[in-house]
Each structure stands twice: as C-alpha cells, then as structure tokens.
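[1] Predicted coordinates and the sequence they were generated for:
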Amino acid sequence: MRYYLIAGERSGDLHGGNLIRSIRKHDPDFVGRGFGGNEMRDAGMELTMHYDQLAFMGFIAVIVNFSKISAIMKQCKADILAFKPDVVVLIDYGGFNMRIAKFAKLNGLKVFFYISPKVWAWNTSRAKKLKASVDRMFCILPFEKDFYKKFDWEVDYVGNPVLDAIKKFKPDPEFLRKNDLSIDKRIVALLPGSRRMELTRVVPILADVAKANRSVQFVVAAVKTLPLEMYSGLSGIPNVKLVFESTYDLLSVATAAMVTSGTATLETALFKVPEVLLYKTAVIEEAIVRSLIKVKYLGLVNLILDKPVVKELFQANMTISKLNEELARLLDDNGYRNKMLEEYEKLYKILDTGSASENAGRLMVQYLKD
C-alpha cells in the first residue's frame, strides 16, 4: 500500500522512522513518501522535504513566516494528490498536520494521526475538528483516551514511542573519553531544545548558570541541524562542552538535567535523571497561552503523573537565582532526588505497555485491510 507520512520535527522523525519499520513488517508492499528527516528516509521513505525547513515555534514565528508556511503547505497538498496514497499518516506537528488532515479528508483520502495534537491542553474544541478529519487516532499518552471519550470518539492508546527508543538504546562506553569529560566531576545535562527560538531565549540564562557553578561539568545536547553560533553563549565557557546528536548518551551519564519543555523532559525522566523544566516565550505569546491553556502543568512528567514531580520554571520564574537553587537541590539533596526517582519509577510502569511503534504499525495495516 501507499503511505504519505508527515513529521515536522526531530522527535517526529525519530518516531516516524520506527513506525515505518513496524508498518513494513506487516505490509511488505509498503511504498512511502513524505515530509520528515533522516530517520524516516533511512527506514525506507522517499523524503520530499526535511523537517528543518518546518521548525517554526510559537504564534509570532508562525505569523512572521506565514507566507513561507503557506507555500510549504501548498507544496505538500500538491504532492499528496500527485502521489495518490492509500492513507495519509500524520505524526505529531499539530498546527500543520491538522490542516493537512482536513485537506486530505475533503479529497477522499483516509487519514491516520499518530501522536495526537495537544488539544487537551488548550482550545479543546479542536477535538471535534480532529474527529471530523481523522479516521483513526493513535495516542501515546494514557490520559488522552479518556479525553477523547468526552467527544464520543474511541481512539487507540498504543504506548509511548519515547520509551521504545530508550529501551533500544545502547550507550557508548567511550562517550566520556571521546568528549574529554571527567569521571570525577558530576555532569549536568543541558537540553535547550532543537528550535532556534528555544535556543535564543534559553541559552543566555543557561550560560549564566554554568558560570555560577564552575565545579560542575555542563554538557549541552546540541543538534547539527542548527547553526553552531546558536550555542555561542555556552561554547566559550570553560566548564561547558557541546556534544552533537548524543542526547541519550549524555543522559545515560548525567547526574541532573536542565531541560526545555517538550519531549525531552519525558526522555530525561525515563533515563532516571533528576531534572528541572524551564521555558520562556515572548510576552505576547505568554498572554495568549495563559488565556487558552487548560492544564495544570507544562511538563509531560507532571501531566502523566498528575502531580508536580518536576519543578517548572516558566517565564518570570525562570531566573538565575531560582535555577541555581533548584540545581543545588537536584545535585545535593538526596531526599529530594530520591523522591523524584521514585516517581520516575511509577511513570515508567504507566508507559510500559509494549512497543508503541509496533502497536501503531500493526493496527494501521490492520485497519487498512479491514
């Protein structure tokens, strides 16, 4: 069968690659094309646009880049119609993919959505639009199934692909040596995100924290798809090192972590690394978000466990003094660390329901054949 797949971010590409491998186990006649990255390409999909052309974060960035996004959307729609897929498989990337879902449905195409948009977080009425445009929804967070039931929509909870990726990961035993890291000093992982806007807002304050904690090794999880100058505020500090495309290796040796809100907060928890969540956006965006948001927490760990396990420092609370205070607790307060680690164990058990990509791939092929 013919599959048109769309992932617009690095994490979506990773999960999309695993999903494609699973689909191919159950559908030997798989033919894939679409938007994504190296992982999806290597899994067997013909790549028509790389996700690094789609990294627009926040309301302001979308408005500023509206003409570019519109052109990409037009290109995507034309490519879908030309390819004539049996199904359009949308992977996360809610704003863009929800529009594609509506377009595909209007053109008589079957639509599957893997990794639900976070409509439960804000503007919950969008769930009705999703239901109208999507044939099957494959969710990765356990509470999403109950959320969609409120809209009389039965969706599939398939498990979490982040846990899949972590289970498959094998750490590099030479990671410390290769990156000239001391085994005698504690390592604090810095995960500033993979979007330009995130780094612009977070890197300066992380640099101040590193300067204030000279006895600690800070290691930045950097990505090659961003210009090196995006990390310039950190790269010149003596106790800071950058490692590229090695986030899991870094988390496997880290004592603590400072993480920008997103999937990385969940990855960090599943690696059993005590962390603090930080997030900063433009003032006007903050006002819009606060008026629309429907959940108590920003971080996935806290959302899934429904309690404040990980400290969230958002906007005005993301100060050097508060970050330094939280970092000290993460490194030196054993009671605090152990309590967080106990909650991480609960989180792991909740998400450990088998392979999400395997479950989703099997179900997708099954639904297509029915």
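    Now that the structure is in, tell me what you want to look at.
[2] from here on, contacts and neighbour counts on C-alpha atoms
    Fine.
[3] ok, now which ones touch the nearest residue to Pro274 once chain neighbours are set aside?
    Leaving aside its sequence neighbours, Pro274 sits nearest to Ala256 (C-alpha to C-alpha, 6 or more residues apart in numbering; 5.0 Å). By C-alpha atoms under 8 Å, 6 or more residues apart in numbering, the contact set of Ala256 is 187-189, 273-275, 327, 330-331.
[4] what about Val88, how many neighbours?
    For Val88, the count of nearby residues is 26 (other C-alpha atoms under 10 Å).
[5] What is the subsequent helix or strand relative to the helix or strand harbouring it?
    For Val88, the enclosing helix or strand under DSSP states H and E is strand 87-91. Note on strand 87-91: by DSSP H and E, the next helix or strand toward the C-terminus is helix 94-106.
[6] which other residues reach that next one?
    Contacts of helix 94-106 (C-alpha under 8 Å, 6+ apart): 6, 73, 77, 88, 90-91, 110-111, 116-118, 130, 133-134.
[7] hmm, who's touching the helix or strand just after that helix?
    Going down the chain from helix 94-106, the next helix or strand is strand 110-114, by DSSP H and E. Residues from elsewhere that reach strand 110-114 (C-alpha under 8 Å, 6+ apart): 86-92, 101, 104-105, 133-139, 360, 364.
[8] Give the ChimeraX command for selecting the buried subset of those.
    The buried residues among the contacts of strand 110-114 can be selected in ChimeraX (16 or more other C-alpha atoms under 10 Å) with this line:
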select :87,88,89,90,91,92,101,104,105,133,134,135,136,137,138,139,360,364
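[9] quick one: the strands in the chain?
    For the chain, applying DSSP state E gives strands covering 2-7, 31-36, 45-50, 87-91, 110-114, 136-139, 156-157, 187-191, 217-222, 240-244, 256-260, 275-279, 311-314.
[10] related to what we said a few turns ago, nearest to Val310 among the contacts of helix 94-106?
    Ranking the contacts of helix 94-106 by separation from Val310, with C-alpha to C-alpha as the measure, puts Lys118 on top at 19.8 Å.
[11] how much space between the closest one and Pro274?
    25 Å (C-alpha to C-alpha, to the nearest Å).
[12] quick one, which of the two is more surrounded?
    Pro274 (28 against 16).
[13] Is it correct that that one is in contact with Thr255?
    Yes: between Pro274 and Thr255 there is a contact under C-alpha atoms under 8 Å: 7.2 Å.
[14] Can you tell me, leaving aside adjacent residues, what's nearest to Tyr231?
    Distances taken as C-alpha to C-alpha, 6+ apart place Val203 nearest to Tyr231, at 6.9 Å, with adjacent residues excluded.
[15] likewise Ile183?
    Excluding the flanking residues, the one nearest Ile183 by C-alpha to C-alpha, 6+ apart is Leu176, at 7.4 Å.
[16] and the most centrally placed residue in the chain, what does it touch?
    Residue closest to the average C-alpha location in the chain (C-alpha atoms, centre = their mean): Thr263, at 3.4 Å. Thr263 makes contacts with 11, 300, as judged by C-alpha under 8 Å, 6+ apart.
[17] how close does it get to Thr225?
    To Thr225, Thr263 is 18 Å away according to C-alpha to C-alpha.
[18] the helices in the stretch 51-200 of the chain, which residues?
    58-64, 66-83, 94-106, 126-133, 142-149, 161-168, 175-178, 196-212 (DSSP state H, counting those that start in this stretch).
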